[in-house]
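[1] Sharing a sequence plus its predicted fold:
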Amino acid sequence: MSFPFRKLYIASIVAAMVNPISHFPPTPGVKSFADAWVVSSPRSQRRFVSTTMHYLQPDVPGMKAETQQNQMFSASPYLKDQSQAFDLYEPLDLKILLIDNHDSYTYNLYQYLSTMTQHPVKVVMNDDFPSWDAFLRNVSSQDLAHASKEPPASTLDHFDCIIISPGPGQPSHSSDMGIVLDTIRRNSDVPILGVCLGHQALGYVYGCEIKLAPCGPVHGLMSTVFHDERDTEKSCRLFDGIPQYFDVVRYHSLTVEFPVTLDELDIGPIAWCNSDVSSISDPTRKSIGTGENGYRLIRNFCDFAFRYNKQRKLEFETQLAPTQQDDMTSVLHDTVGVLKSPEDSSSIHIDTILSRSQNNHPNSGISSESYYHVIIHKITKESEHGPYRFPTPEQVFEEFYSCRHNSFWLDSSTGETRIRLDGVQRESSDVEMERDGCPIMNNSRFSIMGSDDGPLSRKIEYFGREHSTEQQGLYVTSGLGDAFDSNASREPDESGVLDMNILQYLRKELIKEQELVQTVNIATFCANSTRPGIILSTVHEFDDNDNCIPFNYRGGYVGYLGYEVRHDCSDGVSATHNESFQSDRTNPNVPTAAFLFADRSLLYDHLLDEWYIIGLAKGTFNKDLNVTTDTSVEKTITWIQDIAAKIGSLAVRQPLPGIDRLTKKIDLIHDLDVSFSPNRSKEQYQMDITRSHDEIRRGESYELCVTNQLTAELELRKLPLKKDHESPFGLYKFLRRRNPAPFSAFFSLYPKQESVDSPSRSSAQLSLCCSSPERFLCMTKARSQISHPLSLKACDFVVESKPIKGTAGRYTGPADNKEQLDFIQKVDSEIAAGLKQSVKDRAENLMIVDLLRNDLGRVCKVGTVHVPKLMEIESYATVHQMVSTVRGVVDGHTTNAIDVIEACFPGGSMTGAPKHRTMEILHDIEQGVSRGPYSGCLGYISLNGCMDMNIIIRTAVLTPSESFDKLTEVWQVSIGCGGAITALSNSNDEYEEMLLKSRAVRAAISEWSQNRGQRQ
């Protein structure tokens, strides 16, 4: 019996092709890019295809190229004109295996594929199994239909096609490939799609040489592709619907080299990029390549695999007469099922697609019964003298918390410039339009502060593998100073150490201990009512009527995860178990991660000049909600009344700041009289950049965020009537004035006074003074977002990340008159415009956007990951930054904040890509020295499931040292700084950029030390 599709095809794309961010099929006016090569095997009956895709660009007639690039990733599932795009494509009865080569693009493919099939997409790491047979045996053992099959089940019993992801390394290195080469060789009858490294692996198996690209690494550069796929019965039709001479953005360091005569091979080129071969196919130049965008090409492959398997089943299940062969060829070539007919367009719904292929995670912890009650009170402005302004967050923190051993202030310092002089309350719809004083309203509206002085508070300190063996472990101290929490489920082992890492602890407490809440109690004091006391109104978290609470914070965990928490992420991306640390160079005073469980907090609304008090309590309320039945609730309400009175009193006696004080310019250039020493010298740092370029050239990475540590020792005069641990707040006040940022923070941890009866097990002694402009992850209730055409559910959460890549220093100079001010503004605007058009910075930003899409794609609903803003310029006090926004939606019933952190940590803007291999290289480049908190994240995980975490950059870490002079105190100061290295980076420029990023922090330290009278 002859098989009409004996000749099958291998297709690969060396470089980057377009990836619609919204994961919807193509829409009119949108084109995609790819740089591809495709191969075919006429003799071996193999069926392979390979491709890569990266980003999407609107094709607007008459629009300049740079303007079109500015609108890349504009497709969004929130746009109604694209929300129906899924309905154009019928999901196929296709079982897909996706092999992950430890890449930071795999789950972008996963998101695509999940919209094309009726079945969950199976993802397996290339090194999870020693061989293809071992993997197949594992799959068969889990499939009851084939568990006892003799002989063992074949691939086609479980999968209809295989996708091989991109990845670092080379096909000739077995350690890079895992089961990939075995997969290709053992599956001659299975359609295979290879992407980047997958493409190179296919060429390698077919006898081609894989060599370094003669033009060097090509990352983020535009090229034009021509393809030549002839429509025959043996064609895979992967270029179906793809125009000629379309542009691509290329990302590759290696090429597949053909012999002089293609007759020696079963493969040949079919698509080209400029003068470089970009696609290969059979000798008749049958082409398999890109489509209208990346989605279209993958869809074309899936259609081919579907048709192929349909014919295969028919041929092997029925006895076909020779005259019927031609009829079956038409089945393979038929496009029925690719596009749905208009009359069938309503048969597939978005909800069905979104629910497809979701992982069955443990319950998110949102239940009707919670361990805690949340009580929130808004302080009203009542005064005999008329309207007055509340005290500023800085005034409140200094009054209540600066003297505490353990305290936090999540400080949206860019919001403080919004001063309402008239004291008039306005509707939020009006003030939302007033953005002059608060340019990044959604980032800078709220500030949160507190300490561990509440009866339910805890301090959690985690010392990970970068610390000495003796110090490693997780320690929990109650706010009362107990060595561990009295709850038996939290009790440590005999050594006093909890046997878990920080992420395990947070998940256990939030989920298993049922700390997450569904209701909030709004407290209103009614001294003048007929029934004096307090009225508690219950609001359900996931109802629309909870809009009376304009923020997402409900108390919970506030703190940081240091960069080395990457070792504790369960996902393989962070499982770098072979790394060793120089523990003698790790500061023992700085935990790997630390949190305060805040049962009593204050929150300030910069937009409306309002203070809120948030307290947690245990126990129950009676039915009328006016009388409590638990002393914990009574104590919390008493504390709320007391702190409200104190803030009111503080507001009355604080004079309104003068206009001159509010508008006074801060000198951005300050004498840097404190001498900082880099952990690695300028010469070594430049050698590190050369090493990074070599890794990029060899295909091991395409972007590495190389960092350094600047350290100094400060000997300062003691402050009268203040303890040493209170000093660093003085530095933070200088920093927040000098470099205000939307994700600033002050975080302080010190052991309390030890007693004989209750010695403290705490060893952390540090203060973080952070002026970060970058959001790592924000998780908010989806129902509070704008109208969404994908029918968001009540317990859905919107996850957002705002990676920064691209920095330029702002222009400063004397502005004594209007002409000078106009000149400064003109030059500064030109600097911002230059950053926006920078080829290097745009390439850096794009690669990290793709990485963040991949990370969110691990946990977000299919079809929801999108990029509403790409490569926008945000300006801060000292620098301009290129910022993108990536969003997705998670199901609150199956996914919680810790799941999202694990999927994305550490932030891709601080690692580079592919993340796993790049972190291994960076660990070696940085000589095994821990980054500490730097490159990690700091923020809150709220008890209603929401969170907001920054990226810890522009940050000073202070730890005390012993002083031999009673009149002085000694501080060790460390500043982490670095930058992304790509093929386009210049070593001198990168070193200067590293210093630029740390300049504002160094200047604040110099100013602080001068103010304190530094001892030389």
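    Noted; the coordinates are in hand. Residues are numbered from 1 along each chain as shown.

[2] okay, CA-based contacts and neighbour counts for the rest of this
    Fine.

[3] pretty sure Tyr560 is in a strand, no?
    Yes. Counting by DSSP: H, G, I helix; E, B strand; the rest coil, Tyr560 falls inside a strand.

[4] these two touch, right, it and Tyr934?
    No. In this structure Tyr560 lies outside contact range of Tyr934 using Cα atoms under 8 Å: 9.8 Å.

[5] hey, where'd the helices end up in the stretch 101-250 of the chain?
    Taking DSSP state H, counting those that start in this stretch as the test, the helices found in the stretch 101-250 of the chain are 106-114, 132-142, 174-177, 180-186, 197-205.

[6] What residues of stretch 246-261 count as buried?
    For stretch 246-261, a neighbour-count test (16 or more other Cα atoms under 10 Å) marks 246-258 as buried.

[7] Give me the subset of the residues you listed that lies in strands.
    Among those, DSSP state E puts Phe246, Asp247, Val248, Val249, Arg250, Tyr251, His252, Leu254, Thr255, Val256, Glu257 in strands.

[8] quick one: which of Tyr560 and Tyr934 has more around it?
    Set Tyr560 next to Tyr934 and count neighbours by other Cα atoms under 10 Å: Tyr934 wins out with 29 against 25.

[9] Can you give me the pLDDT of the more buried one?
    With respect to pLDDT, Tyr934 scores 98.

[10] If you drop the residues flanking it in sequence, what lies closest to it?
    Nearest in space to Tyr934, with sequence neighbours left out and distances taken as Cα to Cα, 6 or more residues apart in numbering, is Ile952 at 5.2 Å.

[11] what's the pLDDT at that neighbour?
    So Ile952 comes in at 98 (pLDDT).

[12] quick one: contacts for it?
    Residues in contact with Ile952 (Cα atoms under 8 Å, 6 or more residues apart in numbering) are Cys770, Ser772, Pro933, Tyr934, Ser935, Gly936, Cys937, Leu938.

[13] Closest to Val900 out of those residues?
    Among the contacts of Ile952, Cys937 lies closest to Val900 (Cα to Cα), at 13.1 Å.

[14] quick revisit: identify those among the contacts of Ile952 that sit within strands.
    If you go by DSSP E, the contacts of Ile952 have Cys770, Ser772, Cys937, Leu938 in strands.

[15] surely the third one meets Val565?
    No. Cys937 lies out of contact with Val565 (Cα under 8 Å); the separation is 10.1 Å.

[16] hang on, the earlier thing: by neighbour count, which of the ones in strands among the contacts of Ile952 wins?
    Neighbour max across the ones in strands among the contacts of Ile952 (other Cα under 10 Å) = Leu938, 33 neighbours.

[17] What is the end-to-end distance of stretch 452-460?
    11 Å (Cα to Cα, to the nearest Å).

[18] Quick one: the strands in the stretch 351-500 of the chain, in order.
    373-378, 407-411, 446-451, 458-463, 473-478 (DSSP state E, counting those that start in this stretch).

[19] May I see those arranged in JSON lines, with mean neighbour count as well?
    Formatted as JSON lines, these follow (neighbours: other Cα atoms under 10 Å):
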{"stretch": "strand 373-378", "mean neighbour count": "23"}
{"stretch": "strand 407-411", "mean neighbour count": "27"}
{"stretch": "strand 446-451", "mean neighbour count": "26"}
{"stretch": "strand 458-463", "mean neighbour count": "26"}
{"stretch": "strand 473-478", "mean neighbour count": "23"}
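
[20] For Ile901, find the nearest of those strands.
    Closest to Ile901 of the strands of the stretch 351-500 of the chain, according to Cα to Cα: strand 458-463, at 16.6 Å.

[21] Quick one: low-confidence residue ranges for the stretch 601-750 of the chain.
    Applying pLDDT under 70 to the stretch 601-750 of the chain flags the ranges 620-630, 651-672.

[22] If we use 50, what do you get?
    Under the criterion pLDDT under 50, the flagged ranges of the stretch 601-750 of the chain are 623, 625-628, 656-670.

[23] Helices of that one, residue ranges please.
    Counting by DSSP H, counting those that start in this stretch, the helices of the stretch 601-750 of the chain are 631-653, 659-663, 682-697, 728-738.

[24] which secondary structure elements does the third one contact?
    The reference is to helix 682-697. The contact analysis (3 or more Cα pairs under 8 Å, 6 or more residues apart in numbering; DSSP states H and E) places helix 682-697 against strand 703-717, strand 968-981, helix 987-1012.

[25] Just the terminal-to-terminal distance for stretch 173-181.
    10 Å.

[26] Need the mean per-residue confidence for it.
    The average pLDDT for stretch 173-181 rounds to 95.

[27] what's in contact with it?
    So stretch 173-181 is contacted by 99, 101, 126-127, 129-132, 164, 168-171, 198, 201-202, 205 (Cα under 8 Å, 6+ apart).

[28] Just the buried ones out of those, please.
    99, 101, 126-127, 131-132, 164, 168-171, 198, 201-202.

[29] Let me have those in CSV, extended by distance to Gln1010.
    Shown next, in CSV, are the buried ones among the contacts of stretch 173-181 (distance: Cα to Cα, whole Å):
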residue, distance to Gln1010
Ile99, 58
Asn101, 53
Asn126, 56
Asp127, 56
Ser131, 64
Trp132, 66
Ile164, 59
Pro168, 49
Gly169, 51
Gln170, 54
Pro171, 58
Gly198, 58
Ala201, 61
Leu202, 64
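
[30] Let's see which of these end up in strands.
    Ile99, Ile164.

[31] Among the buried ones among the contacts of stretch 173-181, which one lies nearest to Ile831?
    Pro168 (35.0 Å).

[32] if we can go back for a sec, can you say which of the helices and strands packed on helix 682-697 is nearest to Tyr475?
    So among the helices and strands packed on helix 682-697, strand 968-981 is nearest, using Cα to Cα, at 23.9 Å.

[33] elements contacting the closest one?
    Short answer (3+ Cα pairs under 8 Å, 6+ apart): strand 968-981 packs on helix 682-697, strand 703-717, strand 955-961, helix 987-1012.

[34] Swap in 6 Å and give it another go.
    With contacts defined as 3 or more Cα pairs under 6 Å, 6 or more residues apart in numbering; DSSP states H and E, the packing partners of strand 968-981 are strand 703-717, strand 955-961.

[35] Contacts for that strand next, please.
    With Cα atoms under 6 Å, 6 or more residues apart in numbering as the test, strand 968-981 has contacts from 703-718, 934, 955-961, 963, 994.

[36] Which among these count as buried?
    Using 16+ other Cα under 10 Å as the burial test, the contacts of strand 968-981 include 703-718, 934, 955-960, 994 as buried.

[37] Sort out which residues of stretch 821-832 are buried, please.
    For stretch 821-832, by 16+ other Cα under 10 Å, it's Ile824, Asp828, Ser829, Ile831, Ala832.

[38] pLDDT on it, on average?
    Stretch 821-832 comes out at a mean pLDDT of 91.

[39] ok, back up a step: which one among the buried ones among the contacts of stretch 173-181 gets closest to Asn817?
    Closest to Asn817, out of all of the buried ones among the contacts of stretch 173-181 and judged by Cα to Cα, is Pro168, at 55.4 Å.

[40] nearest spatial neighbour of the closest one, skipping sequence neighbours?
    Spatial nearest neighbour of Pro168, excluding adjacent residues (Cα to Cα, 6+ apart): Glu700 at 4.6 Å.

[41] Also Val973?
    Per Cα to Cα, 6+ apart, closest to Val973 is Leu958, 4.7 Å.
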